[in-house]
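> need coordinates for the following:
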Amino acid sequence: MKVFQGRRLGAIEDFTIEERASVPPGPGQMRVHVEATALGLVDALVMRGLYQVQPPLPFIPGGEIVGRIEAVGDGVEGFTEGQRIASWQFGGGLAEQAIVSAESSVAVPDALDAAGASALILDFLTAYYGLFDRGHYDAGQSLLVTGASGGVGSAAVQLAYASGGRVAALASGDAKIRHIAGLGAELVLDYRNPDWRAGLKTRYPGGIDRVFDPVGGALFEPCFRSLAKHGRHLVVGFASGDEIPRLPANLPLLKSGELAGVDARYLGESDPARVRTILAIIFRLAERGRIRPVIDQRFALSDAPAALRALASDTRIGKIIVTP
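A predicted model of the protein is given here:
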């Protein structure tokens, strides 16, 4: 089988298409014929060696995998050969075949195609876990999403809207603003406008109930200051690439507010059953048309370097999908 792998972490040029023999699944594992793998910023960080966890070498990028089961290992129950499943793990997806853990896998409804299902996995898992498990977000509450045109930001917009929430979003550029409005945001502000908080206050004079923040950077403190009393700021990531922001300790006191971290990787390690439950909910919502995957571009496995370069595009809206 063909794989896209690197024998050291670094630049895209350190990874190449290679031939590797198929291997049987071990206990608790399944071998799948990969139909689609979704890529995000985490993949770029991992392969460059900049993620907080270092993978074993040689390394195959791509952890959001959808495929058909080819073989089932000992001890696996509830899955059969030929079944389409989704699995989230630490790499392995940029290949014609992948070994996945049954514990990290969930069935994909027939109504969803492979590319669409792969685009839902990590971003919607993170957004759902952040909003409802960590944020205790309820219907009717207001939500401000930073980086709303990105994968996890747009997932948060859709999930909040589908649950009956009032969604405001921050983005830049007319195309991204139109896109986010089409996902259900009732207010979309260009954060490059120095008066964006004035627009937010006009619509939500009492403040925002929740902030969903995968960006950090210079937006962090102004967003926290925009919270209502008893508001909660969900720290999802630092996509801005700026220095990790700091918050004056008096602000949580003045707001009676909270900071809550959202670490989907920890959830996967500590509670895989909850991950499976959330993914099943997400797939049901997509099957019913309540949410939809957002795909920017699709590439063949032979074009994996181009797919990874596309992650850095400033105009990207949605996931990058690789299909063998």
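
> quick one: contacts for M47?
G6, L9, G10, I12, F15, F59, P61, L308 (Cβ atoms under 8 Å, 6 or more residues apart in numbering). (C-beta placed from N, C-alpha, C; glycine too.)

> my read is it is in a helix, agree?
Yes - with DSSP: H, G, I helix; E, B strand; the rest coil as the criterion, M47 is part of a helix.

> gap between it and V76?
To V76, M47 is 29 Å away according to Cβ to Cβ, to the nearest Å.

> rewinding a little: can you tell me which of the contacts of M47 end up in helices?
L308 (DSSP state H).

> from the contacts of M47, which would you call buried?
G6, L9, I12, F15, F59, P61, L308 (16 or more other Cβ atoms under 10 Å).

> can I get those in TSV with distance to A249 and pLDDT?
Shown next, in TSV, are the buried ones among the contacts of M47 (distance: Cβ to Cβ, whole Å; pLDDT from 0 to 100):
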residue	distance to A249	pLDDT
G6	43	94
L9	37	94
I12	42	93
F15	44	95
F59	40	95
P61	39	96
L308	40	95
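
> with respect to D110, which of the residues you listed is nearest?
P61 (28.3 Å; Cβ to Cβ).

> contacting residues around that closest one?
F4, F15, L39, D43, V46, M47, G91, G93, L94, A304, L308.

> per-domain residue ranges of the chain.
2-121+266-323, 139-262 (automatic domain parsing).

> so for D133, which of these sits nearest?
domain 2-121+266-323 (7.6 Å).

> quick one: pLDDT of the closest residue to K201 other than its chain neighbours?
Computed as Cβ to Cβ, 6 or more residues apart in numbering, the closest residue to K201 that is not its neighbour in sequence is S226, at 7.7 Å. At S226, the model reports a pLDDT of 97.

> how near is S226 to P248?
15 Å.

> residues contacting the residue sitting nearest the centre point of the chain?
Centroid-nearest residue in the chain, with Cα atoms, centre = their mean: D123, separated by 1.8 Å. Residues counted as contacts of D123 (Cβ under 8 Å, 6+ apart) are G40, G151, V152, S154, A155, K319.

> great, nothing more from me.
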